[in-house]
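# Could you work out the structure for the sequence below:
(one chain, ligands or ions: 2)
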Amino acid sequence: NYASASFVTSAPDITKLPPDTGIEIAFAGRSNAGKSSALNTLTRQKALARTSKTPGRTQLINVFELDSGERLIDLPGYGFAKVPMAVKEKWQKALAEYLQKRDSLKGIVVLMDIRHPFRETDQELIYWAADCGIPVLALLTKADKLKQGPRKSTVLQARQASIAFNGDVQVEAFSSLKRIGVEQLENKLNEWFGS
Ligand code: GTP
Ligand code: MG
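Ligands and ions are numbered 1, 2, ... in the order given. Predicted coordinates for the structure are as follows:
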């Protein structure tokens with residue numbers, strides 16, 4: 001019941017997350033990819049996660065809990081040009097550690113703008129996840145920005161490209177604006193949450 005999601009806490013870093021028990025799913029992606037919007041779409045809440053036109057809005061790790069006790073995690077966006085290199089590197093290290101060490105992490109949703117999928121950091125993240133045996137749902141967001149034809153061919157191309165990661169990677173088009181791919185997202189989460 002994704003509509004039951006409620007805000008639990010904002011963690012400044014991965015060591016400050018709630019105890020590593022139960023199941024959690026993380027939403028990751030470049031700044032401005034549409035992570036917070038996707039969480040709001042999934043949970044049918046307008047302002048559960050804060051969205052913004054300014055990239056880099058979500059600087060903290062926001063933790064949401066479902067009535068079942070399972071967690072959804074909104075990770076800060078990466079790849080924001082104005083963030084100093086040292087901060088970027090620190091965050092990448094923390095992210096890698098989170099993927100490697102967090103036992104309750106059962107899946108990661110990687111959101112990428114459909115107009116620029118699989119940029120360098122996206123690829124790194126998916127390789128790490130594949131290495132750690134964590135399944136990935138790659139959502140090509142803002143799919144409403146492309147017409148039906150180019151949208152389909154981009155998804156097919158991305159599926160082809162995703163084979164290179166050598167992991168469990170599913171690729172779908174997604175739009176919060178037009179509610180595209182919401183069912184696919186729900187189905188994947190249901191699978192990971194085990195219901
Ligand atoms: P950070 O928290 O900064 O990392 O960004 P984010 O990934 O959480 O992105 P957010 O959900 O805040 O959305 C960024 C911008 O993209 C906002 O202006 C949204 O309105 C817009 N946006 C999000 N989803 C969609 C979509 O499905 N279609 C379109 N056209 N715009 C979208
Ligand atoms: Mg956000």
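# Excluding sequence neighbours, find me the nearest residue to the closest residue to ligand 1 within the chain.
The chain approaches ligand 1 most closely through residue 77 (2.4 Å), counting by Cβ to the nearest ligand atom. Heads up, the C-betas are built off the backbone N, CA and C, glycines and all. For residue 77, ignoring the flanking residues on the chain, the nearest one in space by Cβ to Cβ, 6 or more residues apart in numbering is residue 31 at 3.2 Å.
# same deal with residue 4?
Residue 4 sits nearest to residue 67 (Cβ to Cβ, 6+ apart), 3.8 Å away.
# now do residue 112
residue 122 (5.4 Å).
# Likewise for residue 105?
residue 24 (5.7 Å).
# got it, and residue 96?
Distances taken as Cβ to Cβ, 6+ apart place residue 128 nearest to residue 96, at 5.6 Å, with adjacent residues excluded.
# which residues does that neighbour contact?
95, 96, 99, 100 (Cβ atoms under 8 Å, 6 or more residues apart in numbering).
# Correct me if wrong, but the residue nearest to residue 4 is in a helix.
No: using DSSP: H, G, I helix; E, B strand; the rest coil, the secondary structure at residue 67 is coil, not a helix.
# That one and residue 1 touch, don't they?
Yes: counting by Cβ atoms under 8 Å, residue 67 does reach residue 1; the two are 5.8 Å apart.
# who does residue 7 bridge with?
Residue 7 has these beta-bridge partners by DSSP bridges: residue 64.
# pLDDT score for it?
For residue 7, the pLDDT comes out at 93.
# ok, now which ones touch it?
With Cβ under 8 Å, 6+ apart, residue 7 has these contacts: 48, 62, 63, 64.
# give me that answer again for 10 Å
Neighbour list for residue 7: 45, 48, 49, 62, 63, 64, 65, 74 [criterion: Cβ atoms under 10 Å, 6 or more residues apart in numbering].
# Nearest residue to the third one in space, please, no chain neighbours.
Read that as residue 49. The shortest distance from residue 49 to any non-neighbouring residue, by Cβ to Cβ, 6+ apart, is to residue 36 (3.7 Å).
# cool, the last one as well?
Using Cβ to Cβ, 6+ apart and skipping residues adjacent in sequence, the residue nearest residue 74 is residue 62, 4.2 Å away.
# how deep is residue 73 tucked in, by neighbour count?
Using other Cβ atoms under 10 Å, residue 73 has 25 other residues around it.
# gap between it and ligand 2?
To ligand 2, residue 73 is 12 Å away according to Cβ to the ion, to the nearest Å.
# Ok, residue 15 next?
21 Å.
# Doesn't that residue lie inside a strand?
No: looking at residue 15 with three-state DSSP, it is helix, so not inside a strand.
# Which residues are in contact with it?
Residues in contact with residue 15 (Cβ under 10 Å, 6+ apart) are 94, 97, 98, 101.
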